[in-house]
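S.K.: show me how the following folds:
(4 chains)
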Number of protein chains: 2
Amino acid sequence: MTTDEFDKNDSFDLQDFLPFLLNQAAEDVSLHFQRVYKDRYGMLRTEWRVLFHLGVFGTLTATEIGQRARLHKTKISRAVQKLEQRRYLSRVKDDKDRRLEWLALTPAGRTVYKELQNIAQQYDAKLAGLFPRQDVVVLRRMLRRLAGDGTHW
Amino acid sequence: MTTDEFDKNDSFDLQDFLPFLLNQAAEDVSLHFQRVYKDRYGMLRTEWRVLFHLGVFGTLTATEIGQRARLHKTKISRAVQKLEQRRYLSRVKDDKDRRLEWLALTPAGRTVYKELQNIAQQYDAKLAGLFPRQDVVVLRRMLRRLAGDGTHW
DNA sequence: GGATAATAGTTGATTTCGTAACTAACAAGC
DNA sequence: GCTTGTTAGTTACGAAATCAACTATTATCC
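M.R.: Below is the predicted model of the structure:
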């Protein structure tokens, strides 16, 4: 029997295709970490990201968060609403430019952030521990490069 | 455990947090590749994945695709419908077990697949070309490991 | 000053996702 | 044969993402 007209002999290995691999890895890793903030605090991924950015950087505007986290402003707007409802963050209008609001965590939000940050660090260490130290350094560097510093288009 | 004993000034680097980094890289890379199959063929990511699996492996059932691609069956069901509407795939009920259907690309589907596969390979080569060859080997190996071979939980 | 454009953020309409419930077909036990 | 349980795939419905339109405010330019 020879190869038929539907020959699938194209040697394309889907499992090695970088976009596919990256997505699989990201989804799988996120899924596990997600359980912490979702089950425990009822947060969505966008909300977690906003919370973390405020936790790390202190006070930011919605636009600044969007730039750093690469989130669309509608996503942020809705995430901020949720976080405000839960009293995790507060908004303060800027006096000079009243279009923009300064967002910051409340004490309650900071507590949640610290809890999650702690878990995040443990989780990161656990993942990193799967590989030789030097490989992890390489991995992070490559991912940062792929994660849109814009130098590859 | 909600206390201030964790100091406020945390040296937590969000840009180095692996789940975050992985997601950023995956989203950014996917976004660019997505334009090809989305703009050109109006396909969603799940549809592209199903198409690719059929292109690579030939004839599969929906369940088999789900296992390989790690997609939920509802996603596959909808993707298959779309692809069928566009005449990219055909379904044939199994004679022995009439619950399952054998899915395969039509000639039209195969043409699209080959086109996209070609672009995919070029894109993958382009991404890989950003780094030393050996680093890419390491990257793929690590991603495969992170992408749920299940050995890290 | 006044028209126009640009920016920050919100809201709405449409699409897509995710979970669970559902139908249909087969399997196993008795 | 008749229950009970499993598996393949679809459908339904609420949650969430997406894209465009919208309000409000500030900046630009004549």
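S.K.: where along chain A do the strands fall?
M.R.: A:89-93, A:101-105 (DSSP state E).
S.K.: save the ones you listed as TSV, and put in mean neighbour count, mean pLDDT and distance to chain B too.
M.R.: The way it works is simple: take the backbone N, C-alpha and C, and place the C-beta from them, glycine included. Putting the strands of chain A into TSV (neighbours: other Cβ atoms under 10 Å in any protein chain shown; pLDDT from 0 to 100; distance: least, Cβ to the nearest Cβ, whole Å) gives the following:
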stretch	mean neighbour count	mean pLDDT	distance to chain B
strand A:89-93	15	96	16
strand A:101-105	18	97	10
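S.K.: with distance to DNA strand D added, can I get these in a markdown table?
M.R.: Shown next, in a markdown table, are those (distance: least, Cβ to the nearest atom of the strand, whole Å):
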| stretch | distance to DNA strand D |
| --- | --- |
| strand A:89-93 | 9 |
| strand A:101-105 | 11 |
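S.K.: what's the closest of those strands to A:V56?
M.R.: Among those, strand A:101-105 comes nearest to A:V56, with 10.4 Å by Cβ to Cβ.
S.K.: what does the lowest-mean-pLDDT helix or strand in chain A contact?
M.R.: Across the helices and strands of chain A, mean confidence by mean pLDDT, DSSP states H and E is lowest for helix A:18-41: a mean of 92. Helix A:18-41 has contacts (Cβ atoms under 8 Å, 6 or more residues apart in numbering or on different chains) with A:14-15, A:43-45, A:47-48, A:86, A:112, A:116, A:119-120, A:123, A:127, A:146, B:18-19, B:22-23, B:25-27, B:29-30, B:33, B:49, B:70, B:120, B:123-124, B:127-128, B:139-140, B:143-144, B:146-148, B:153.
S.K.: which of those fall in helices?
M.R.: A:45, A:47-48, A:112, A:116, A:119-120, A:123, A:127, A:146, B:18-19, B:22-23, B:25-27, B:29-30, B:33, B:49, B:120, B:123-124, B:127-128, B:139-140, B:143-144, B:146 (DSSP state H).
S.K.: show me which of the residues you listed are buried.
M.R.: Buried members of those, scored by 16 or more other Cβ atoms under 10 Å in any protein chain shown, are A:45, A:47-48, A:112, A:116, A:120, A:123, A:127, A:146, B:18-19, B:22-23, B:25-27, B:29-30, B:33, B:49, B:120, B:123-124, B:127-128, B:139-140, B:143, B:146.
S.K.: of these, which are in range of DNA strand D?
M.R.: Among these, the residues within reach of DNA strand D (Cβ under 7 Å from any atom of the strand) are A:R45.
S.K.: where does stretch A:61-77 sit relative to the chain's centre, distance-wise?
M.R.: Centroid separation between stretch A:61-77 and its chain, computed with Cα atoms, centre = their mean, to the nearest Å, is 12 Å.
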